[in-house]
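Asks: dropping a prediction and its sequence here:
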Amino acid sequence: MKKVGIMGGTFNPIHNGHLFLAEHAYDQAKLDYILFMPTMNPPHKADIDVLSAEHRLNMVKLAIKDNPNFVLSDIELNRPGITYTSDTLKILKEKEPDTEFYFIVGADSLMMMTQWKDPQTVFNLSILVAGGRENYSLEQLRKQANYLEKTYNGKIILLDMPYIGISSELIRERIAKNKSVRYYVPDEVLDYIKRHNLYT
Ligand SMILES: Nc1ncnc2c1ncn2[C@@H]1O[C@H](COP(=O)(O)OP(=O)(O)OP(=O)(O)O)[C@@H](O)[C@H]1O
Ligand SMILES: O=C(O)c1ccc[n+]([C@@H]2O[C@H](COP(=O)([O-])O)[C@@H](O)[C@H]2O)c1
């Protein structure tokens with residue numbers, strides 16, 4: 001059975017923490033490849049002024065272009081309205097019923113999952129792969145993973161990986177303060193941000 005990862009995110013902008021998480025998921029869940037899937041109208045971020053989908057998409061393309069295991073998916077960008085993961089998984093599963101999907105998240109997303117739309121469908125149609133993030137202890141993650149597995153009869157793989165203290169918010173703040181974000185994002189993403197004068 002084909003095993004396909006989904007790395008969903010607002011990617012405002014994509015950064016090395018996302019790539020690091022995806023690489024560990026690829027390796028530890030033994031995935032065939034990973035779809036990088038930028039959201040159009042991210043749930044829970046509707047009130048935040050998010051950069052245009054075009055810029056976010058272009059930066060994702062640049063960040064993953066050298067890795068043949070990372071593939072861009074624009075299916076959430078082509079859907080109007082708020083894009084919920086349960087709906088996306090239904091579409092993907094209908095197209096490829098024999099593929100096993102692995103939805104990749106960081107700790108903050110895992111902690112919020114009971115508030116997602118229709119988490120039961122997410123667990124029915126995918127295996128969750130979760131990586132740690134600073135501010136969340138392994139103990140907290142294990143507890144949440146156990147709770148979700150029991151409540152939704154789901155499966156969660158907790159990744160063994162070092163925590164990377166990078167967030168898109170931190171990058172936006174640093175750029176606004178004229179601080180370097182070199183090595184926070186791939187060099188080509190950095191060039192793109194500078195060329196288009198983003199987040200200043
Ligand atoms: N440094 C990181 N380590 C592990 N997971 C991460 C990291 N950064 C982001 N993620 C995960 O990647 C997914 C997409 O994240 P998103 O695009 O919202 O980035 P973010 O850095 O959390 O953004 P923001 O700071 O704007 O909230 C989420 O599931 C998030 O938990
Ligand atoms: O479906 C939901 O209700 C839902 C709620 C919050 C987040 N998500 C998904 O989780 C991924 C990470 O979200 P975010 O907001 O941290 O970028 C992204 O693919 C979102 O579409 C999904």
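Replies: Great, that's in hand. Residues are numbered from 1 along each chain as shown. Ligands and ions are numbered 1, 2, ... in the order given.

Asks: which helix in the protein has the most residues?
Replies: Taking DSSP state H as the criterion, the chain has its longest helix at helix 138-152.

Asks: so what touches that one?
Replies: Contact partners of helix 138-152, identified using Cβ atoms under 8 Å, 6 or more residues apart in numbering, comprise 107, 110-111, 113-114, 119-120, 122-124, 128, 130, 132, 154-156, 158. The way it works is simple: take the backbone N, C-alpha and C, and place the C-beta from them, glycine included.

Asks: try it again with 6 Å
Replies: Contact partners of helix 138-152, identified using Cβ atoms under 6 Å, 6 or more residues apart in numbering, comprise 107, 110-111, 119-120, 123, 156, 158.

Asks: how about the nearest residue to residue 92, chain neighbours excluded?
Replies: Excluding the flanking residues, the one nearest residue 92 by Cβ to Cβ, 6 or more residues apart in numbering is residue 101, at 6.2 Å.

Asks: any idea how far residue 188 is from the residue of the chain most remote from its centre?
Replies: For the chain, the residue at maximal distance from the C-alpha centroid (Cα atoms, centre = their mean) is residue 178, at 26.4 Å. In this view, residue 178 and residue 188 are 21 Å apart by Cβ to Cβ, to the nearest Å.

Asks: sorry, back to before: can you verify my assumption that the residue nearest to residue 92 contacts residue 126?
Replies: Yes. Assessed by Cβ atoms under 6 Å, residue 101 is found in contact with residue 126 at 4.3 Å.
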